[in-house]
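Enquirer: Show me the folded form of this:
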Amino acid sequence: MEKQILICCGTGCRANGSMKVVEALNEAAREQGADAQVIADVKTTGCNGFCENGPIVKILPDNLVYYKVKPTDAKEIIEKTVQSGEEIPRLMYKDDTGTRVRSQEENPFYAHQHKVALRHIGRIDPENIEDYLKEGGYEALKKAVSMTSDEIITEVEKSGLRGRGGAGFPAGRKWRTAASYEHFPKYVACNGDEGDPGAFMDRSILEGDPHCVIEGLAIAAVAVGAEEGFFYIRDEYDLAVKHIKKAIQDAEERGIIGESVMGSSHRLKLSVVRGGGAFVCGESTALMASIEGRVGEPRAKYIRSVQRGLWNQPTVLNNVETLANIPVIIQEGGDAFATIGTKNSSGTKVFALVGKVKRTGLVEVPMGTTLRHLIYDIGGGILNNRVFKAVQTGGPSGGCIPESMLDLEVDFDSLAEYGAMMGSGGMIVMDDRSCMVEVARYYTNFLCEESCGKCTPCREGLRRTLEILTDICEGRGREGDIELLERLGHAMQDASLCSLGKTAANPVLTTIQYFREEYEAHIREKRCPAGVCKELTRFAIQPEKCIGCDMCARGCPAYAISGGKKEVHTIDQTKCIACGSCREACKFDAVVTLGRNDVAERGQQA
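Expert: Predicted coordinates for the structure are as follows:
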């Protein structure tokens, strides 16, 4: 049987040299005199999700997957695996028991996933429309043009699909409202701005399966009666822009979209607009202002975009992941989709699982999956077996959830109930060496810079919140600061113009709610329990635990640690810059964290 080599060439794997692996595999095949068909079947695909282990190479029909492949491995892969059917154990993944596994299905990172939005990624060449068509691509659009608007929208309503961009608004209700207006022209738009730190769900879908997003947007256009659509994509996403542009061109040349959508009377012109790098343009009205060429500022939503959006005409805006689900809903039926997930949050959700977790990457699971399952079964638990402290969900405006709530089911309503949010799907795991006050300060600083400044509650509220958090982290915190932060947060929630301001206080309010003792330690004891805030942190070495391995001294950039081999080491506090490198280097937990005043009172020793 002919072999096929699939190579992940998403952004993450490209950064690790996957394109050089492609070249090396083709060259090795030619040198070894492999069958010409093998050379032709070296295929580049989109992101497999397990980015830290890239480049990833999959050999079919053997269903054998190799990780962290280098160009120097190419000759061995062709000789042993492709030609002789032998495995190369060192390139295979080790599961939690240390056993080498052959397939993705046996890999614990993939085994618990349920892929709908990511169904084609890693299997098809995103630049080859033939690959998408072989997977049943555009069959849903073909079906949709034979249906009435009401029939299409009814299926979406039955599916229970809610917007995956963060707000969770029912997609069917949005489409139904837009279809009801008899004002033309109407528009459809795809939000691919994705400005959350650590998030790459939409980017991976646009890069790895652009045609499924085009198909979803085209179905939306047919349903609401739009003849023009826009992809608004973050400017930094060069590969996504390249792939979506080529996919649009290929679809037009095939007659799939354009003057006649799938040979029907429907017309659809699609364009790509590159975002200007403003986080606030992820908000619907700011995004539409940017498409129109105006400053990306939000407006009050007493009139919704489905009535007056782009150029004051009815406009449907959906997120990339939302649209990726649409072809499945139309092809398989809304009822089938609704069986996945929970009653009020159907389907699956794609998450970017990052931070202090052993297995990081892109995961897709049914709604209602618990945080514990995501972090421990899929993510493998906390890096270096440290203690789990919190997980921040929903991007910079999301909340921080503590260890006591690890069994919380992840869906729109459950997260909102506890002060967090689904957001677009970012999920950042933190261990016991993460300072929750600094986490709140970091996200507040990000949002302060990204606020458009149009409304006073958001603009001034974020500035004042940042000032207070900075004072607390730098040792100038005062009694009453915590209560003031809470009052500012509630004021922003009540009075801000758009969702950026209304949700901006979530990191602050949830860290105060669940980690108030850390704020109190910073203010009252002038101590950062996590050892992160430098002005409130000093490090010391416990003599009874130090074995004199010298690892702390080797890693100290300030040369503040002295002591010979097998001797107890000491830290010169006049030289120490509180960077924490000694603590990271020590494998025996001999380095302890002290407060600013503890060192003066207790000296070098703990």
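Enquirer: How about residue 545: what's its closest non-neighbour residue?
Expert: Computed as CB to CB, 6 or more residues apart in numbering, the closest residue to residue 545 that is not its neighbour in sequence is residue 590, at 3.8 Å. (Each C-beta comes from the backbone N, C-alpha and C, glycine too.)
Enquirer: no wait, residue 386
Expert: Leaving aside its sequence neighbours, residue 386 sits nearest to residue 431 (CB to CB, 6+ apart; 4.2 Å).
Enquirer: can you count the residues close to the residue nearest to residue 545?
Expert: 23 (other CB atoms under 10 Å).
Enquirer: Could you report the neighbour count for the closest residue to residue 478 other than its chain neighbours?
Expert: Excluding its sequence neighbours, the residue lying closest to residue 478 (CB to CB, 6+ apart) is residue 523, at 6.7 Å. Other residues within reach of residue 523, judged by other CB under 10 Å, total 21.
Enquirer: can you pull the alpha-carbon coordinates of the helix or strand encompassing residue 523 into PDB?
Expert: Using DSSP states H and E, residue 523 sits within helix 506-524. Output of helix 506-524 as PDB, limited to C-alpha atoms (Å, rounded to 0.1, in the frame of the first residue of the first chain):
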ATOM      1  CA  ASN A 506     -12.400  40.100  36.300                       C
ATOM      2  CA  PRO A 507      -8.700  39.200  36.900                       C
ATOM      3  CA  VAL A 508      -8.600  41.700  39.800                       C
ATOM      4  CA  LEU A 509     -12.000  40.700  41.400                       C
ATOM      5  CA  THR A 510     -11.500  37.000  41.100                       C
ATOM      6  CA  THR A 511      -7.900  37.100  42.500                       C
ATOM      7  CA  ILE A 512      -9.200  39.100  45.400                       C
ATOM      8  CA  GLN A 513     -12.100  36.800  45.900                       C
ATOM      9  CA  TYR A 514     -10.000  33.600  45.900                       C
ATOM     10  CA  PHE A 515      -6.600  34.800  46.900                       C
ATOM     11  CA  ARG A 516      -7.200  37.700  49.200                       C
ATOM     12  CA  GLU A 517      -4.500  36.500  51.700                       C
ATOM     13  CA  GLU A 518      -1.900  37.200  49.000                       C
ATOM     14  CA  TYR A 519      -3.000  40.800  48.700                       C
ATOM     15  CA  GLU A 520      -3.000  41.100  52.500                       C
ATOM     16  CA  ALA A 521       0.600  39.600  52.700                       C
ATOM     17  CA  HIS A 522       1.800  42.200  50.100                       C
ATOM     18  CA  ILE A 523       0.200  45.100  52.000                       C
ATOM     19  CA  ARG A 524       0.600  44.200  55.600                       C
END
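Enquirer: if I pick the residue nearest to residue 545, what's in contact with it?
Expert: 541, 542, 545, 546, 547, 552 (CB atoms under 8 Å, 6 or more residues apart in numbering).
Enquirer: If we use 6 Å, what do you get?
Expert: Contact partners of residue 590, counting by CB atoms under 6 Å, 6 or more residues apart in numbering, are 541, 542, 545, 546.
Enquirer: would JSON lines of those residues with secondary structure, neighbour count and distance to residue 220 be doable?
Expert: Shown next, in JSON lines, are the contacts of residue 590 (DSSP: H, G, I helix; E, B strand; the rest coil; neighbours: other CB atoms under 10 Å; distance: CB to CB, whole Å):
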{"residue": "541", "secondary structure": "strand", "neighbour count": "22", "distance to residue 220": "62"}
{"residue": "542", "secondary structure": "coil", "neighbour count": "15", "distance to residue 220": "62"}
{"residue": "545", "secondary structure": "coil", "neighbour count": "14", "distance to residue 220": "62"}
{"residue": "546", "secondary structure": "coil", "neighbour count": "19", "distance to residue 220": "64"}
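Enquirer: Now for those residues: which two are most distant?
Expert: Farthest pair in the contacts of residue 590 (CB to CB) is 541 and 545. Separation: 7.9 Å.
Enquirer: circling back to that earlier point, could I get the contacts of residue 590 as CSV with pLDDT?
Expert: Below are those laid out as CSV (pLDDT from 0 to 100):
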residue, pLDDT
541, 93
542, 92
545, 93
546, 94
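Enquirer: so where's the stretch 351-500 of the chain shaky on pLDDT?
Expert: Nowhere does the stretch 351-500 of the chain drop to pLDDT under 70.
Enquirer: What ranges does it have for its helices?
Expert: 371-372, 412-417, 436-450, 456-473, 481-495, 499-503 (DSSP state H, counting those that start in this stretch).
Enquirer: Now those helices in a markdown table, please, with extra columns for mean neighbour count and distance to residue 334.
Expert: Converted to a markdown table, these look like this (neighbours: other CB atoms under 10 Å; distance: least, CB to CB, whole Å):
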| stretch | mean neighbour count | distance to residue 334 |
| --- | --- | --- |
| helix 371-372 | 20 | 28 |
| helix 412-417 | 17 | 18 |
| helix 436-450 | 22 | 36 |
| helix 456-473 | 20 | 37 |
| helix 481-495 | 16 | 34 |
| helix 499-503 | 22 | 27 |
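Enquirer: Generate JSON lines for those helices, with distance to residue 531 as supplementary columns.
Expert: Putting those into JSON lines (distance: least, CB to CB, whole Å) gives the following:
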{"stretch": "helix 371-372", "distance to residue 531": "25"}
{"stretch": "helix 412-417", "distance to residue 531": "29"}
{"stretch": "helix 436-450", "distance to residue 531": "11"}
{"stretch": "helix 456-473", "distance to residue 531": "13"}
{"stretch": "helix 481-495", "distance to residue 531": "21"}
{"stretch": "helix 499-503", "distance to residue 531": "29"}
